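Asker: next input, structure requested:
(chains A and B)
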Amino acid sequence: MSSDAPAVPTNFIRNIVIEDLESGKHQEIVTRFPPEPNGHLHIGHAKSICLNFGIADEFGGRTNLRFDDTNPLKENEDFMNAIMDDVRWLGFEWDNLFHASDYFGQLYDFAVHLIRTEKAYVEELSADEMLDYRGDWMNNEPGRESPWRNRPVEESLDLFERMKNGEFEDGKYVLRAKIDMNSPDRFMRDPVMYRIRNARHHRTGDEWHIYPMYDWAHGISDAIEGITHSLCTLEFEEHRPLYEWFLENIPTPSMPRQIEFSRGNLDYTVMSKRRLRELVEEGHVKGWDDPRLPTLAGLRRRGFTPEAIRAFWSDLGVSKSNSIISMGVLENYVRNDLNVRAPRTMAVMDPLKVVLTNLPEGETEWLEAPLHPQNEEMGTRRVALTREIWIERSDFMEDPPRKFFRLKPGGEVRLRNAFIVQCTNVIKDGSGNVAELHCEFDPDTRSGMPGASRKVKGTIHWVSAEHGVPVEVRLCDRLFTVPNPLGEKDHDFREFLNPHSMDVMEHVIVEPEVAEGGPGDFYQFERTGYFCHDLVDSKSGRPVLNRIVTLRDSWARIEKEMAQRRK
RNA sequence: UGGGACGUCGCCAAGUUGGUUAAGGCACGGGGUUUUGAUCCCCGCAUUCGCAGGUUCGAGUCCUGCCGUCCCAGCCA
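Answerer: Residues are numbered from 1 along each chain as shown, chains lettered A, B, ... in the order given. Below you'll find the model as predicted:
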């Protein structure tokens, strides 16, 4: 373990690939990402995408995008397009774009081969009867063979062809593999290969009246494409014997290896397609791209960067243990990425007026401020200081606790990028609330001047009341109030929706350049967090920004602890 | 009650066929720098690998038993 070399993130799948390359089993690695076009991609899919593309990239291989479109009732073109957008946005480009439906013809021929070799038959038991015949494996009960199991090959062939031609209604027949009705692995108890669906497919139209099941279609699609490592999630582990059985019993074009890994779950959210669909359709969120959702479209709109998401999955690694990852970890990757790239600016979320009594009305002090404190190459911007400015209401306290380094009556604080000011007067309204502050600035302490080296404890941000522009800001936060909303027994996950998952601030004051930005532009609001123009709602003349994530805030932690101690 | 998997620090996770001191990241604690209480930089952070036995000179790595968690009864994927 050398100390200076960065730890190479490794995992059991990568190790298998390396072995296969070294042993000469494969010369080239080919993987695939096989989404079903019946929903939107989420952060969990990103794990699979990063794994599949990542492993191929690392070893100079190829990765196909393959739509697993074997169920015409649920799939459509819109989902397909959205998925392609998401994969590209994440930063990956597939070597080939395929569809399981591209292989319907070959799949059919292979099925005929299985019938001819007496390894498949046309079933006419009903779904309920089949269920009954399969036996109760929970109680170790063997299954019974269907009366149609040994029907003559010619009869199956004839029926199968007529199924294909659309001569029967849905559900009338089914093609089954003839494997083992007593297998403890329930997927081996004569699984269904084809069902009749007199439905229009979004790509093949009315050409087919039968559609292959996942287990039949998937492995063969892999084999046709020459996939070397077919990576999938844990729930398919029990399907692996079937995956292999199918390939072993047809003249297979190649022999891919299925390897399973665990899904990546996050806390304080839900990831299942069904749950996400419910949230969208019931209006709990504003669409598939709602910034609070863990969908890739949502994360993108929220302002999470693909770089951060890729680094997140790459560092977390891949294993077979079920895990729920803290949202905080993902947020950290976003902070780390944005910290390096986001230009700095000042924005006041909850404005309190300050009058600089020794700065004449109508006069503007122009100040030069760096766009990034650690990266001069990002350049500078001009910031206007005027007699009236806004500061953050929470940056002033009349009677502050110890260690409060911000403004207090008589106290001094630095205005970021500008001067040190002293609070000389607190003006209150009729009900005793602080309405405005009078301060005097010390002209010798201007940024860049010799007097600027004078130290004061705190620095606060501000915006000129004359130059600042009001914008709408949406404070995105976790969608749920509990780590595992689906894991609470006797409760519906909807009960745990966070009412403050997207509080709207209608009147945030920003520097003029921010208001002029366009969709997707992002910034660090110094001392507050990272924000970006909403991809769909931010319009010129009516800017809307999302809070991507807050800055790490140790003062907030101290405050919290103090509050706790007071209890 | 059957089958398939998994259990290494709060959260991820590495641990080549058993071999001296159990990687790394995040979180956390302490210190330093700082015109963001941000960033950055140091330092600390599992005598222990779900539990209990056993094999061995030696086990996170092998054996046995137990406990816990997840998945499986679509003509879904």
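
Asker: what parts of the stretch 301-450 of chain A come near RNA strand B?
Answerer: A:315-326, A:328-329, A:332, A:335-336, A:339, A:344, A:372-374, A:403-406, A:414, A:416-418, A:445-448 (C-beta under 7 Å from any atom of the strand). For the C-beta atoms, the positions are set from N, CA and C on the backbone; glycine is no exception.

Asker: wait, I meant the stretch 451-567 of chain A
Answerer: A:452-453, A:455, A:458-459, A:487, A:524, A:526-527, A:551-555, A:557-558.

Asker: please, where are all the strands along the stretch 51-200 of chain A?
Answerer: With DSSP state E, counting those that start in this stretch as the criterion, the stretch 51-200 of chain A has strands at A:62-67, A:96-99, A:120-123, A:174-177, A:192-196.

Asker: so what's the closest residue to A:His113 other than its chain neighbours up against?
Answerer: Of all residues not flanking A:His113 in the chain, A:Ile250 sits nearest, at 5.8 Å (C-beta to C-beta, 6 or more residues apart in numbering). Going by C-beta atoms under 8 Å, 6 or more residues apart in numbering, A:Ile250 touches A:Phe110, A:His113, A:Leu114, A:Ile220.

Asker: element containing A:Ile509, please.
Answerer: Assigned by DSSP states H and E, A:Ile509 belongs to strand A:502-510.

Asker: tell me the pLDDT of the closest residue to RNA strand B within the stretch 351-500 of chain A.
Answerer: Residue of the stretch 351-500 of chain A nearest RNA strand B, by C-beta to the nearest atom of the strand: A:Ser447 (2.5 Å). If you check A:Ser447, the pLDDT there is 86.

Asker: how does chain A divide up, domain by domain?
Answerer: If you go by automatic domain parsing, the domain ranges for chain A are A:115-216, A:265-345+A:469-567, A:347-460.

Asker: rebuild the ones you listed as JSON lines, extending it with distance to A:Ser254 and mean neighbour count.
Answerer: JSON lines is the format used below for those (distance: least, C-beta to C-beta, whole Å; neighbours: other C-beta atoms under 10 Å):
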{"stretch": "domain A:115-216", "distance to A:Ser254": "17", "mean neighbour count": "17"}
{"stretch": "domain A:265-345+A:469-567", "distance to A:Ser254": "24", "mean neighbour count": "17"}
{"stretch": "domain A:347-460", "distance to A:Ser254": "49", "mean neighbour count": "16"}
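
Asker: so which of those is nearest A:Tyr103?
Answerer: A:Tyr103 lies closest to domain A:115-216 among those, at 8.6 Å (C-beta to C-beta).

Asker: before we move on, back to that, now the buried members of the contacts of A:Ile250.
Answerer: A:Phe110, A:Leu114, A:Ile220 (16 or more other C-beta atoms under 10 Å).

Asker: closest to A:Leu21 out of the residues you listed?
Answerer: Nearest to A:Leu21, judged by C-beta to C-beta, of those is A:Ile220 at 24.7 Å.

Asker: where does chain A have low pLDDT?
Answerer: Residue ranges of chain A with pLDDT under 70: A:1-8, A:567.

Asker: helices along that one, start to end?
Answerer: Assigned by DSSP state H, the helices in chain A fall at A:12-22, A:43-58, A:77-90, A:104-116, A:127-134, A:153-164, A:214-225, A:240-248, A:273-281, A:296-302, A:306-316, A:327-341, A:512-515, A:554-566.

Asker: make a markdown table from those helices and add distance to A:Val469 to it.
Answerer: As requested, those are arranged in a markdown table below (distance: least, C-beta to C-beta, whole Å):
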| stretch | distance to A:Val469 |
| --- | --- |
| helix A:12-22 | 50 |
| helix A:43-58 | 34 |
| helix A:77-90 | 30 |
| helix A:104-116 | 57 |
| helix A:127-134 | 63 |
| helix A:153-164 | 65 |
| helix A:214-225 | 53 |
| helix A:240-248 | 59 |
| helix A:273-281 | 33 |
| helix A:296-302 | 22 |
| helix A:306-316 | 28 |
| helix A:327-341 | 22 |
| helix A:512-515 | 4 |
| helix A:554-566 | 27 |
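
Asker: on that earlier part again, A:Glu260 is nearest to which of the strands of the stretch 51-200 of chain A?
Answerer: strand A:62-67 (17.8 Å).

Asker: can you pull out the residues in contact with the closest one?
Answerer: So strand A:62-67 is in contact with A:28-37, A:52-53, A:56-57, A:75, A:80, A:83-84, A:87, A:92, A:94-101, A:221, A:225, A:227, going by C-beta under 8 Å, 6+ apart.

Asker: which ones among the residues you listed also lie next to RNA strand B?
Answerer: Answer for these near RNA strand B (C-beta under 7 Å from any atom of the strand): A:Pro34, A:Glu36.

Asker: just the buried subset of the contacts of strand A:62-67, please.
Answerer: For these, a burial check counting by 16+ other C-beta under 10 Å picks out A:29-37, A:52-53, A:56, A:75, A:80, A:83-84, A:87, A:92, A:94-95, A:98-101, A:221, A:225, A:227.

Asker: quick one: which of the buried ones among the contacts of A:Ile250 is nearest RNA strand B?
Answerer: For these, the nearest to RNA strand B is A:Ile220 (12.7 Å; C-beta to the nearest atom of the strand).
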